[in-house]
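> Quick one, what's the 3D model for this:
(one chain, ligands or ions: 1)
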Amino acid sequence: MLSCKELVANSSDYLDKRLSMSRGLEVRLHLTLCVNCRRFIKQMKISQAVFRKMELQQDADLDGLAQKLAEAQRTNR
Ligand SMILES: [Zn+2]
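Down below sits the predicted model:
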């Protein structure tokens with residue numbers, strides 16, 4: 001069985017579903033038995049979601065910026 005340390009090392013690949021099937025099963029088995037790692041993965045998921053949201057907002061801001069720049073050029077002409 002995986003140790004908690006190994007689980008942490010595999011956690012980001014697990015969340016991105018990049019683990020092999022056998023490794024993924026080992027991780028899931030560990031998670032069913034280990035409440036600490038369950039909590040850890042939950043936290044990871046939350047922070048990933050927040051991070052993705054931030055990235056999306058940055059993209060939205062970039063779009064807004066590009067639009068403002070285009071408008072500024074139009075009014076300058
Ligand atoms: Zn554990």
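> Please enumerate residues in contact with stretch 36-56?
Residues from elsewhere that reach stretch 36-56 (C-beta atoms under 8 Å, 6 or more residues apart in numbering): 4, 7-8, 11-12, 14-15, 30-31. No exception for glycine: its C-beta is placed from N, CA and C like everyone else's.
> So which of those residues sit within strands?
Judged by DSSP state E, strands contain none of those.
> Name only those of those that count as buried.
Among the contacts of stretch 36-56, those buried by neighbour count (16 or more other C-beta atoms under 10 Å) are 7, 11, 14, 30-31.
> Dump those into CSV; add distance to Met44 and pLDDT as well.
Putting the buried ones among the contacts of stretch 36-56 into CSV (distance: C-beta to C-beta, whole Å; pLDDT from 0 to 100) gives the following:
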residue, distance to Met44, pLDDT
Leu7, 11, 96
Ser11, 6, 95
Tyr14, 9, 96
His30, 14, 97
Leu31, 12, 97
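> and the ion, which of those residues contact it?
Residues of these in contact with the ion (C-beta under 5 Å from the ion): none.
> and the gap between the closest residue to Ser12 other than its chain neighbours and Ser3?
Nearest non-adjacent residue to Ser12, counting by C-beta to C-beta, 6 or more residues apart in numbering: Met44, 7.2 Å away. Here the criterion is C-beta to C-beta, to the nearest Å. By it, Met44 lies 17 Å from Ser3.
> Check what pLDDT the residue nearest to the spatial centre of the chain gets.
Centroid-nearest residue in the chain: Gln48, 3.1 Å away (criterion: C-alpha atoms, centre = their mean). Looking at Gln48, its pLDDT reads 87.
> repeat for Arg77
pLDDT, read off for Arg77, is 64.
> cool, Leu25 as well?
Per the predicted model, pLDDT is 97 at Leu25.
> more crowded one of Met44 and Ser3?
Neighbour count, other C-beta atoms under 10 Å: between Met44 and Ser3, Met44 has more, with 15 against 11.
> No further questions, thank you.
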